[in-house]
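Engineer: got a sequence here, can you build the structure:
(one chain, ligands or ions: 1)
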Amino acid sequence: MMNSRTTLVIALLATLPIPALASPRVRHTINEGWTYTDGTVEQRVNLPHTWNAGDAFGKTKPYRRGIGWYRRTLSLDPALKGKRLFLYFEGANQVADVYVNDRHAGQHIGGYTAFAFEITDLVTFERDAIAVRVDNSHDPDIPPLNADFTFFGGIYRDVWLMATDPIHIDVLDHASPGVFITKDRTRGTVVNRSGRSARVRVVHRIFDAAGREVASSSSALSIAAGASARFDGRTPAVPDPRLWSPDSPYLYRVRTEVHGGDRLLDAIDNPLGFRTFTADPNKGLTLNGRLLPLRGTNRHQDLPGVGTAASNEQHRRDVRLVKENGFNFLRLAHYPQDPVVLDEADRVGLVIWEEIPIVNLIGTSPAFAANSERMLVEMIRQHFNHPSVFFWGYMNEVLLSKPNPMPDRYYEIVPELVRRLEKVARAEDPTRLTVMALSYHEILDDHGIASVPHILGLNLYFGWYYDDFDAFGPFLDRIHAERPATPIIVSEYGADSDERVHSTEPKAFDYSSEHAQNYHVASFPQLESRPFILGTAVWNQFDFASAFRQNTKVALNQKGLYFHDRTPKDIAFYYRASLTGQPVLHIASEWSDRAGRTAEERVQPVWVYSNQPEVELFVNGRSAGVRQVANRTARWNVELASGANRLRARAGSIEDATTIRYHDRSDGRFVAVNAGGGYSYVDEARVVWDADHSFGGGKPRRVYRRIVSTGHDALFQAMREGMSHYQFDVPDGIYDVTLGFAEHDAKPGERVFSVRINGRLLVRDLDLAAELGPFTAATRSTTVEAANGSGIRIDFTASHGLPSIATIMIRP
Ligand code: GCB
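Structural biologist: Got it, this is the predicted structure:
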């Protein structure tokens, strides 16, 4: 029963316009003025910070996984005396020990969820010393054990100081808001550290997006001294609520207040969105009574320059880029992300799948299971109130790797952990659906785990890691037939690409932009045409850091629709054309430089993405013809003039334009060869390195290893091996010739060869393995004369093993 006085206060409050956050609770960031040391030098830093922003992309040694110390002093406002004080960390990777004035405030395990420690009894109010020891070493008890992303160390999200009244909404419940709201129930905990028993009133007030109060409730709570008390009641009924959906992400705000007599003791705000959804194995997702196929993408949290220590603005921009590309769904793979990511998803309207970082395999220790379970509870409680979250995930491809040594009963312990986490997720949050992602081979031999969660996520790479594009849809049909009761999300599909690599005969693992485009253009229609698929998510929205990867860019997974720096790749426009309501017209422009010698080579492909019915392309002002757009794509072969070609596409009143340069090599005086590559490579000086033709035999070879001493890994990862010679029919004259080499696999002494150009020795007994070691680029230049019409001939003779070459450049 409310007493009349409280009723009056509440009635008064209800008529006042509500300021954004009129709370007695003090909460501000303390990101500035820290020092950081790795044990050698100390530097001043602001948070967020990671010590791996640079070395995660190094080529010669692994990024540092170890201990870092962060320190700062806190000059607490004397007005906070008598309040309860907390430090709140949004995230530190991966074990954090917090000390105040050399006393341990607490330890947190796990790099992707928030944590809070109370420091009231540790502070003196006289320049209190905060020290945080962060450790990102491998730990067999902490997920992730290994994964295709970099485990940047540091306090890489915001840190907050919080001060509350002794009577306050719980802060220490897994660093959650302490209030858990669904459209039906609102529950939470109030803590009483006042030293006396207390009777408080808990008030929930719901405001619409315009800030008008539309519902409220109030209840009394008695709390013994030093204890806490739970409240749990019906969420105040909002008459005729507006619904939340990706198209119309209408948000209410719930203010929870704790009143003691006429004093407001604490207040916090949480988002509230009204939506109902169900998942059907045949029809897909129904949101608010209407079918809604989820079309989405995945996101990792790192950016160039800063690593994972991204600003809130960078996080928010990422979410908006996903939305702007037409998606309505985002999987936060493979870990809980910054609070502003969830906040922005609520606002712009993206359905979220969030998951904890159990990836590739599990640890079998009790500590691993306990840490996993706690991470899951932290994620769910911390992000419970976000209407954007529909799915909680707890494992990704957990059968992919085998532990070494293989523990006894491993394939029993994995399903045990699956069932344990499933149970926890359902108990924590009966309003969401659970999900796990498995890959192609895992789903065929799943040890019974695929049917445990509500929804099955499939990570499938037909036409990349295996098989070809067309096998994608039929495989989904097969899994659907085998598991008719399981709703399926295609949680990953994608292909790597590099804007410098191009091909007219693209294939998997050449890293060409064209293969990635073909991949998506062929894959997406197979997903769209299968309504039983609840949702789809491209892997990945952005290229992202993955330290072990040695593709064409160092330590990056290059499957983004956008580059690491957040500029869109051409293929992003295919999805934009497919999914946005806006008119889209885009000429693929990554392949900005082409080269050729013959008239046939002047005829070059031009690809356009559009959602308009037909497009006309103009090359240097002349129409190259009108094409009907099919599957958001129109393609031409056009004849290019030497030098810059102006390309313009027109569809109705919309236009796009770009420039493609044609490097005419018909006079044979300039040669740039990507030996053994089978693809063309455009460097930053716009030199087009052409795929070679076999002149003197030999075999093309390619490795996927980072190449030291060059930024052009793709050029030196490919080589031709075992050829006798190259012959270039250049006109008579004087030429600079530069040859490039890199050893891939031979040991010192195993590959020793000499190179002669027009009979003159350029290199004698080159033994790159002995001289430079493996995977290191080397070039050798000289000047030669071509005379009597005999051009330039490069001869290779080996005394041990086979000769090899990576690049050849000839210029007058
Ligand atoms: C997967 C994994 C993801 C990888 C991706 C890839 O299936 O779930 O973590 O990054 O494949 O690119 O190989």
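
Engineer: which one is Asp612 nearest to, not counting chain neighbours?
Structural biologist: To be clear, residue 612 is Gln; Asp isn't right here. Leaving aside its chain neighbours, Gln612 sits nearest to Ala651 (3.5 Å; criterion: CB to CB, 6 or more residues apart in numbering). To be clear about C-beta, it is placed using only N, CA and C from the backbone, and glycine gets the same treatment.

Engineer: for the protein, just list every one of the helices.
Structural biologist: 4-15, 312-324, 339-348, 366-383, 410-428, 440-444, 472-482, 513-528, 570-579, 713-717, 768-771 (DSSP state H).

Engineer: and the residue nearest to Gln612, what's its pLDDT?
Structural biologist: On pLDDT, Ala651 comes in at 98.

Engineer: how about Leu21?
Structural biologist: The model reports Leu21 with a pLDDT of 54.

Engineer: what's around the closest residue to His138 other than its chain neighbours, how many residues?
Structural biologist: If the residues on either side of it in the chain are set aside, His138 comes closest to Arg65, at 6.4 Å by CB to CB, 6+ apart. Using other CB atoms under 10 Å, Arg65 is surrounded by 19 other residues.

Engineer: in contact with Arg65, which residues?
Structural biologist: Asn136, Ser137, His138, Phe151, Gly153 (CB atoms under 8 Å, 6 or more residues apart in numbering).

Engineer: what does Pro281 give?
Structural biologist: Pro281 touches His480, Arg483, Pro484, Ala485, Thr486, Pro487, Ile488, Phe532, counting by CB under 8 Å, 6+ apart.

Engineer: burial count for the last one?
Structural biologist: Translated: Phe532. Neighbours of Phe532 under the rule other CB under 10 Å: 16.

Engineer: hang on, it packs against Asn282?
Structural biologist: Yes: Phe532 lies in contact with Asn282 (CB atoms under 8 Å); the separation is 5.2 Å.

Engineer: against the ligand, how distant is the most centrally placed residue in the chain?
Structural biologist: Compute the mean C-alpha point of the chain, and by CA atoms, centre = their mean the closest residue is His300, 1.9 Å away. Computed as CB to the nearest ligand atom, to the nearest Å, the His300 to the ligand distance reads 8 Å.

Engineer: buried ones among the contacts of Pro281?
Structural biologist: Using 16 or more other CB atoms under 10 Å as the burial test, those include His480, Arg483, Thr486, Pro487, Ile488, Phe532 as buried.

Engineer: go through these and name the one nearest the ligand.
Structural biologist: Nearest to the ligand among these, counting by CB to the nearest ligand atom, is Ile488 at 15.5 Å.

Engineer: next up, the contacts around the closest one.
Structural biologist: Pro281, Ile455, Leu456, Gly457, Leu458, Leu476, Ile479, His480, Phe532, Ile533, Leu534.

Engineer: again, but for Asn620
Structural biologist: Ala641, Asn645, Arg646.

Engineer: for the first one, give its distance to the ligand.
Structural biologist: Relative to the ligand, Ala641 is positioned 40 Å away (CB to the nearest ligand atom).

Engineer: kindly report the same for the last one.
Structural biologist: In this view, Arg646 and the ligand are 37 Å apart by CB to the nearest ligand atom.

Engineer: return only those of the contacts of Pro281 found close to the ligand.
Structural biologist: Among those, none lies close to the ligand by the criterion of CB under 6 Å from any ligand atom.

Engineer: which of the residues you listed fall in strands?
Structural biologist: Residues from the contacts of Pro281 lying in strands, with DSSP state E as the criterion: Ile488.

Engineer: as JSON lines, the contacts of Pro281 with pLDDT and distance to Arg793 would be great.
Structural biologist: Conversion of these to JSON lines gives the following (pLDDT from 0 to 100; distance: CB to CB, whole Å):
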{"residue": "His480", "pLDDT": "98", "distance to Arg793": "60"}
{"residue": "Arg483", "pLDDT": "98", "distance to Arg793": "63"}
{"residue": "Pro484", "pLDDT": "98", "distance to Arg793": "66"}
{"residue": "Ala485", "pLDDT": "97", "distance to Arg793": "69"}
{"residue": "Thr486", "pLDDT": "98", "distance to Arg793": "64"}
{"residue": "Pro487", "pLDDT": "98", "distance to Arg793": "64"}
{"residue": "Ile488", "pLDDT": "98", "distance to Arg793": "59"}
{"residue": "Phe532", "pLDDT": "98", "distance to Arg793": "62"}
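
Engineer: Serialize the contacts of Pro281 to TSV and add fields for distance to Val319.
Structural biologist: Output for the contacts of Pro281, formatted as TSV (distance: CB to CB, whole Å):
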residue	distance to Val319
His480	31
Arg483	32
Pro484	35
Ala485	33
Thr486	29
Pro487	25
Ile488	25
Phe532	28
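
Engineer: can you tell me which of the contacts of Pro281 lies nearest to Asp736?
Structural biologist: Ile488 (58.2 Å; CB to CB).

Engineer: might you report the residue contacts of Ala229?
Structural biologist: Thr189, Val190, Asn192, Leu221, Ser222, Ile223.

Engineer: repeat that for 10 Å
Structural biologist: Asp170, Gly188, Thr189, Val190, Val191, Asn192, Ala198, Val200, Val202, Leu221, Ser222, Ile223 (CB atoms under 10 Å, 6 or more residues apart in numbering).

Engineer: about what we covered before: relative to Gln628, how far out is the residue nearest to Gln612?
Structural biologist: 11 Å (CB to CB, to the nearest Å).

Engineer: overlap in contacts, the two.
Structural biologist: Between them, Ala651 and Gln628 share these contacting residues under CB under 10 Å, 6+ apart: Pro613, Glu614, Val615, Ala634.

Engineer: which PyMOL command selects the buried ones in those?
Structural biologist: Filtering the shared contacts of Ala651 and Gln628 down to the buried ones (16+ other CB under 10 Å) takes a single PyMOL command:
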select buried, resi 615+634
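
Engineer: for Ser497, state which of the shared contacts of Ala651 and Gln628 is nearest.
Structural biologist: Distances from Ser497 to those, taken by CB to CB, are shortest for Ala634, at 20.3 Å.

Engineer: so the closest one touches Tyr609, yeah?
Structural biologist: Yes: counting by CB atoms under 10 Å, Tyr609 is a contact partner of Ala634 at 8.2 Å.

Engineer: please enumerate the shared neighbours of these two.
Structural biologist: With CB under 10 Å, 6+ apart as the test, Ala634 and Tyr609 both reach Leu585, Ile587, Val615, Ala649.

Engineer: quick one: contacts for the second one?
Structural biologist: Taking CB under 10 Å, 6+ apart as the criterion, Ile587 is in contact with 570, 573, 606-610, 615, 617, 634, 636, 647-649, 655-660.

Engineer: quick one: buried residues of stretch 621-635?
Structural biologist: In stretch 621-635, counting by 16+ other CB under 10 Å, buried: Ala624, Arg627, Val629, Arg632, Thr633, Ala634.

Engineer: mind checking which of those residues land in strands?
Structural biologist: Per DSSP E, the buried residues of stretch 621-635 map to strands at Ala624, Arg627, Thr633, Ala634.

Engineer: select, from these, the two members most distant in space.
Structural biologist: Maximum distance among those (CB to CB): 15.6 Å, for Ala624 and Thr633.

Engineer: list the contacts of the residue in the stretch 651-800 of the chain positioned nearest to the ligand.
Structural biologist: Residue of the stretch 651-800 of the chain nearest the ligand, by CB to the nearest ligand atom: Tyr704 (12.4 Å). By CB under 10 Å, 6+ apart, Tyr704 lies in contact with Phe509, Tyr511, Arg549, Gln550, Asn551, Thr552, Asp713, Gln717.

Engineer: buried ones among those?
Structural biologist: Using 16+ other CB under 10 Å, the buried members of these are Tyr511, Arg549, Gln550, Asn551, Thr552, Asp713, Gln717.

Engineer: got CSV for these, with pLDDT too?
Structural biologist: Formatted as CSV, the buried ones among the contacts of Tyr704 follow (pLDDT from 0 to 100):
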residue, pLDDT
Tyr511, 98
Arg549, 97
Gln550, 96
Asn551, 97
Thr552, 97
Asp713, 97
Gln717, 97
